[in-house]
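Return a 3D structure for these sequence lines:
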Amino acid sequence: MSVTKSKRIFYFDALRALAIICVIVVHVYAVTRVHVMAEYGSIPSLGWIFSQALGNCFRIGVDLFLMLAGALSLGRVWSIREFLAKRIPRIVAPFIFWGLILSAVGISLSYYFGFKFITSFDAYSILKFIYGAFMSTSPGFTPYWFFWMILGTYLIMPIFNKWLANSDLYEAEYFLVIWLVTCLFDFTLGVNLPIKLSYFTSPIGLVVLGYYLRHTERKILNNPYFDLCLIILSAVAMLVIAWYLSSPNEMYTLDRYSLPMAIEVMGVFLLFKNFNKFNLNFDVIKLIENLFRKLVAYLARYSYGIYLIQGMFLCIYAKILPYQNLYGHVIIMFILIVASSLITMHILSYIPYVKNVIGAK
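Okay, here's the model as predicted:
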């Protein structure tokens, strides 16, 4: 049996592009929130609200990547060997390549420019830094936890694919209802249910959700106005929860598997799927459509590679850019990280052999 190639679907590329943008936004939030943390209060400042919107409402990047994995791979005819042989090298090779290259970059910046990614240059410290890079503990490499999570997800996906390929969508709905219960109790309320539902917890729930939302024909879910309401209501709920649970010394961020986050990512996925139902035909939209599609295509194609390198760019820019104000700092850092990552990936994509291991699709 062989994997049937499907036509490229634009809204999948758009979701992948949005996912990597969200990842970068959240990481920028993580290094800038300290500047407005003390502005919390019964009526927080606009800067505090802006920062929390970045940290919570954009915390759906990883969720979207997981949903896309399910939407693109589940319910299809392929063997376990075919699936693993195709998917695993795609994530392992870039992980090793960038782990080694960026380790060398971090060590060099520390030795020659005082960046302090590493403070001692004996063999033990260098090897410890490199090991920490792959274990997502060294500076600039904290996003690398994603590799280990997605690797485990890929290993279990053949089991779920066999089930979904021989089931109807009602069975997927049954699974997702229980999954939403775990999102509520385990990841939102922090309450341990007496019933152990660990087989239903994320991230595999998001993988099944992506498959389900791609194929569901339920009218309510495929109504773009309903989808938009899901996004708005969940975003407002997240900001209220964040305000209630924050303090002047800590900015609360919801778990990426919490119920409000699950509702928001459902709304985003469905909105992109059903966006053409708005029937927007403005001339301005037509003028920028080609440029937009090209940018989306590049971000989608390089998304995994960008994910692996953006953490190092973040650390570099966080050190060298002087802080002026929250809005300008966030915007400048975001643009620099996206541009640097995109240019790096694009240049390397023209180099023979290297282009196969940088994380480009």
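
For Asn290, which residues are in contact?
Residues touching Asn290, when contacts are defined by Cβ atoms under 8 Å, 6 or more residues apart in numbering, are absent altogether. C-beta coordinates here come from the backbone N, C-alpha and C atoms, glycine included.

Okay, and it sits in which element?
Counting by DSSP states H and E, the element that carries Asn290 is helix 283-301.

avg pLDDT for that helix?
Per-residue confidence for helix 283-301 averages out to 79 on the pLDDT scale.

what's the answer for stretch 152-159, then?
pLDDT averaged over stretch 152-159 gives 95.

hey, where'd the strands end up in the stretch 151-300 of the chain?
Along the stretch 151-300 of the chain, no segments are classed as strands by DSSP state E, counting those that start in this stretch.

shaky segments in it?
When the per-residue scores of the stretch 151-300 of the chain are filtered using pLDDT under 70, the ranges that remain are 281-289.

Repeat the analysis, applying 90 as the threshold.
Counting by pLDDT under 90, the ranges of the stretch 151-300 of the chain that qualify are 190-202, 276-294.

where do the helices sit along it?
For the stretch 151-300 of the chain, applying DSSP state H, counting those that start in this stretch gives helices covering 169-184, 204-215, 224-245, 259-274, 283-301.

So which of these is nearest Trp98?
Shortest distance between Trp98 and the helices of the stretch 151-300 of the chain, using Cβ to Cβ, is found for helix 283-301: 16.0 Å.

rewinding a little: tell me the first helix or strand C-terminal of the helix holding Asn290.
On the C-terminal side of helix 283-301, the nearest following helix or strand under DSSP H and E is helix 303-320.

So which elements touch that next one?
Contacts of helix 303-320 with other secondary structure elements, assessed using 3 or more Cβ pairs under 8 Å, 6 or more residues apart in numbering; DSSP states H and E, are made with helix 10-32, helix 80-113, helix 326-348.

what comes up buried for it?
Residues of helix 303-320 classed as buried by neighbour count (16 or more other Cβ atoms under 10 Å): 303-318.

So what touches stretch 181-195?
By Cβ under 8 Å, 6+ apart, stretch 181-195 touches 197, 200-202, 205, 254-255, 257-262.

ok, of those residues, which come out buried?
Among the contacts of stretch 181-195, those scoring as buried are 200-202, 205, 254, 257-262 (criterion: 16+ other Cβ under 10 Å).

Between the residues you listed, which sits nearest Asn325?
Looking at those and their distance to Asn325, the nearest is Leu254, at 26.1 Å (Cβ to Cβ).

didn't the closest one look like it was pressed against Asn56?
Yes - between Leu254 and Asn56 a contact is recorded at 5.5 Å, counting by Cβ atoms under 8 Å.

Need the residues touching each of the two.
Any residue near both Leu254 and Asn56 by Cβ under 8 Å, 6+ apart counts here, and that gives 238, 242, 261.
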